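1. Sharing a model prediction with you, sequence too.
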Amino acid sequence: MASAIGSRSRLFLVASWVAASLFWSQSLGAQQTDPLPDYVIDQYGEPPAIPSGPFSDALRKAVEVAFVDSIAQEAWGRDQTQAMEEIVASKDPRIVWIISDLMRFVSEPNLNATLTKAASSLLDTKIPRRNNWGAITDHLIAWDIPAPPDYLKTKRAIFTTILPGWDKIFVEGTIDWRHVSWGGVLIDDRAYDRTHDPCNCIPAADNPQVSSAQDATWLKDDDIVFGIEVNGEYRAYPRRIMEVREMVNDTLGGRDLGIPYCTLCGAAQAYFTDELPAGIKRPVLRTSGLLIRSNKVMYDVNTYSVFDTFLGHAVTGPLAKKKLKLKQATVITTDWGTWKREHPETTVLVEALALGRDFDFRNGRDADGPIFPVGDVDPRLPVQEDIIGVVTASGKPVAFQRSKAIAALKRGKEIAYENVRLQLDAGGVKAVGADGSDLGSHQAFWFAWSQFHPQTELWPG
């Protein structure tokens, strides 16, 4: 991850935007009303009380002194310390969302400690010293603390002041902006089919060069690939390349595809980006540099419409207004040896697309669990258990524990749920309909699938 910004004057500039938004805001008056699951209480404890109504004049003044005056003075003095004490005394945990957003960019130890102490007091909980930003954000998500007034305006100011390029990203929509954080990288805003243009970002690959299986001598048989079939045409996307690119815009079997890979979620997905409603141009998917509960936030570089990466829904911008939802093709996660043996006609992306890098985030950086805040996780499976996820014809999401499903299918057992049937395919698993039609399944970590499909069924039940 890229290093956080440590300049005090830079932070003061950001804080001025925060103060301006908070000072003139009125409270939304939202409060936690739905009971939290027992497992959330067991892990995080009881949430704090959440006040309703507008900010008091005293709180507004305290915010002005703590942020606006400190910017003018370029120092944090006694007046600011007293103002922060008044903010803490307000017992309004909604403000912690803004503290969390600021902390993501703060590296100055004393200021970080001040913000951590304030957040800990407002949340009425003890925050560990290690990964304090992550722990604070986990609590906010798990407890479903409401956003403060004018939150998007404030958050947009913070993010766009510190890192340019997000002006068109932070707009109104159906996305929950509370859960969005910085992933440590910059936005990929290169135009379509500029794969070879350098960028200080995670560079998507457009129209990638491919080779035959016979010519792909650089791949070892036990290398992980993501296999896709469209209209009888097969292609393998090596994980080694997808760890570097995280997004491919391709054409396979006469269909256009956008293929995001979230290293943090262990999930490669394939969305059809053609045959869209009239008046909608093919979306060109890119990595925004943002995360939502440890899942990459992708967007269309043509319209700057943000998509829910897991669901394929446009959630902001012109494409959200048109209610665009992309359909999925199945992605098989397997090893190269088995894939090429069962599909010898397959093509595969060429080694040059890996840019000379050979990452294995799953067994390295991410081996001990999510490295970004995810909040509460459904406890029915371990956080990083592999599942095969699909949505039934009735709209019901269902997850199949991969290890158990493969073992059962190898024993000849039928696995069915509503219209869904599981099949073995080239060492992986896919979901098809009763008529054999592709249902657009993919593999993912349990924490990711369950938080984006909170009402998911789990096989075996």
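-> Perfect, thanks for sending it.
2. In contact with the residue most central in space within the chain, which residues?
-> Among the residues of the chain, the smallest C-alpha distance to the mean C-alpha position (C-alpha atoms, centre = their mean) belongs to Asn295, namely 1.9 Å. For Asn295, the contacting residues are 262, 264-265, 267, 309-310, 448, 452, taking C-beta atoms under 8 Å, 6 or more residues apart in numbering as the criterion. Any C-beta I mention is one placed from the backbone N, CA and C, and that applies to glycine too.
3. Any regions of the chain where pLDDT drops low?
-> Across the chain, the stretches falling below the confidence threshold (pLDDT under 70) are 1-33, 63-76, 461.
4. how's it carved up into domains?
-> Annotated domains of the chain cover 8-162, 205-354, 386-459 [automatic domain parsing].
5. Name the stretch among the ones you listed that sits most buried.
-> Across those, the average number of neighbours (mean count of other C-beta atoms under 10 Å) peaks for domain 205-354, which reaches a mean of 20.
6. Report the separation between the two terminal residues of it.
-> For domain 205-354, the separation between the terminal residues is 10 Å (C-alpha to C-alpha, to the nearest Å).
7. rewinding a little: with respect to Asp176, which of the domains of the chain lies nearest?
-> Comparison of the domains of the chain against Asp176 by C-beta to C-beta identifies domain 205-354 as nearest, at 7.4 Å.
8. could you show me where the helices are in the stretch 351-461 of the chain, in order?
-> 402-410, 446-452 (DSSP state H, counting those that start in this stretch).
9. could you dump those helices to TSV with distance to Glu108?
-> Below are the helices of the stretch 351-461 of the chain laid out as TSV (distance: least, C-beta to C-beta, whole Å):
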stretch	distance to Glu108
helix 402-410	44
helix 446-452	32
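10. Which one of the ones you listed lies nearest to Gln43?
-> helix 446-452 (13.3 Å).
11. Give me the contacts around the closest one.
-> For helix 446-452, contacts defined as C-beta under 8 Å, 6+ apart pick out 262, 264-267, 293-295, 308, 310-311, 370, 374-375, 377-378, 380-387, 389, 397, 399, 456.
12. Which strands or helices does the strand or helix carrying Asp42 pack on?
-> Secondary structure assignment for Asp42, by DSSP states H and E: helix 38-44. With contacts taken as 3 or more C-beta pairs under 8 Å, 6 or more residues apart in numbering; DSSP states H and E, helix 38-44 sits against helix 132-143.
13. Which residues does the helix it packs on contact?
-> When contacts are defined by C-beta under 8 Å, 6+ apart, helix 132-143 is touched by residues 32, 36, 40, 43-44, 47-48, 93, 96-97, 99-100, 103-104, 112, 116, 119-120, 123, 125, 127-128, 145, 178-179, 181, 293, 372-376.
14. swap the cut-off to 7 Å and go again
-> In this structure, residues lying in contact with helix 132-143 by C-beta atoms under 7 Å, 6 or more residues apart in numbering are 32, 36, 40, 44, 47, 96-97, 100, 103-104, 116, 119, 123, 125, 127-128, 179, 181, 293, 372-373, 375-376.
15. on that earlier part again, out of the contacts of Asn295, the closest to Phe159 would be?
-> Within those, proximity to Phe159 (C-beta to C-beta) peaks at Thr309, which comes in at 18.4 Å.
16. right, and the closest one touches Pro260 too?
-> Yes. In this structure Thr309 lies within contact range of Pro260 using C-beta atoms under 7 Å: 5.5 Å.
17. Need the residues touching each of those two.
-> 296, 298.
18. Between all of the contacts of Asn295, which two are at the greatest distance?
-> Of all pairs drawn from the contacts of Asn295, the one with the largest separation by C-beta to C-beta is Leu264 and Phe452; the distance is 12.7 Å.
19. Among the contacts of Asn295, which lie within helices?
-> 448, 452 (DSSP state H).
20. can I get the contacts of Asn295 in a markdown table with distance to Gln328?
-> Converted to a markdown table, these look like this (distance: C-beta to C-beta, whole Å):
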| residue | distance to Gln328 |
| --- | --- |
| Cys262 | 14 |
| Leu264 | 19 |
| Cys265 | 15 |
| Ala267 | 11 |
| Thr309 | 11 |
| Phe310 | 10 |
| Ala448 | 15 |
| Phe452 | 13 |
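21. between the contacts of Asn295, which is closest to Gly412?
-> For those, the closest approach to Gly412 (C-beta to C-beta) belongs to Ala267, at 28.6 Å.
22. which non-adjacent residue is nearest the closest one?
-> If the residues on either side of it in the chain are set aside, Ala267 comes closest to Ala444, at 3.7 Å by C-beta to C-beta, 6 or more residues apart in numbering.
23. Pretty sure the one you found sits against Glu385.
-> No. In terms of C-beta under 7 Å, Ala444 does not count as a neighbour of Glu385; the distance is 9.8 Å.
24. tell me the secondary structure for Leu257?
-> Following DSSP: H, G, I helix; E, B strand; the rest coil, Leu257 is assigned to strand.
25. Can you tell me how far it is from Ser450?
-> Taking C-beta to C-beta, to the nearest Å as the measure, Leu257 and Ser450 are separated by 26 Å.
26. Using CSV, list the CA coordinates for the strand or helix carrying Lys117.
-> Using DSSP H and E, Lys117 falls within helix 109-123. Taking C-alpha atoms only, helix 109-123 is exported to CSV below (Å, rounded to 0.1, in the frame of the first residue of the first chain):
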residue,chain,number,x,y,z
PRO,A,109,2.2,10.1,15.3
ASN,A,110,1.0,12.8,17.8
LEU,A,111,-2.0,13.8,15.6
ASN,A,112,-2.8,10.2,15.0
ALA,A,113,-2.9,9.5,18.7
THR,A,114,-5.1,12.6,19.3
LEU,A,115,-7.6,11.4,16.7
THR,A,116,-7.5,7.8,18.0
LYS,A,117,-8.2,9.0,21.6
ALA,A,118,-11.1,11.1,20.4
ALA,A,119,-12.6,8.3,18.4
SER,A,120,-12.2,5.8,21.3
SER,A,121,-14.0,8.1,23.6
LEU,A,122,-16.8,8.9,21.2
LEU,A,123,-17.3,5.2,20.5
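27. Which strands and helices lie in contact with it?
-> helix 78-89, helix 96-103, helix 132-143 (3 or more C-beta pairs under 7 Å, 6 or more residues apart in numbering; DSSP states H and E).
28. Going by contacts, tell me the helices and strands next to the shortest one.
-> Helix 96-103 sits against helix 109-123, helix 132-143, helix 151-162, with contacts defined as 3+ C-beta pairs under 7 Å, 6+ apart.
29. make it 8 Å
-> Contact partners of helix 96-103 among helices and strands, from 3+ C-beta pairs under 8 Å, 6+ apart: helix 8-23, helix 109-123, helix 132-143, helix 151-162.
30. what does the second one contact?
-> Same thing as helix 109-123. Taking C-beta under 8 Å, 6+ apart as the criterion, the residues outside helix 109-123 that touch it are 8, 11, 48, 76, 84, 87-88, 90-93, 95-96, 99-100, 102-103, 106, 126-127, 129, 132, 136, 139-140, 143, 145.
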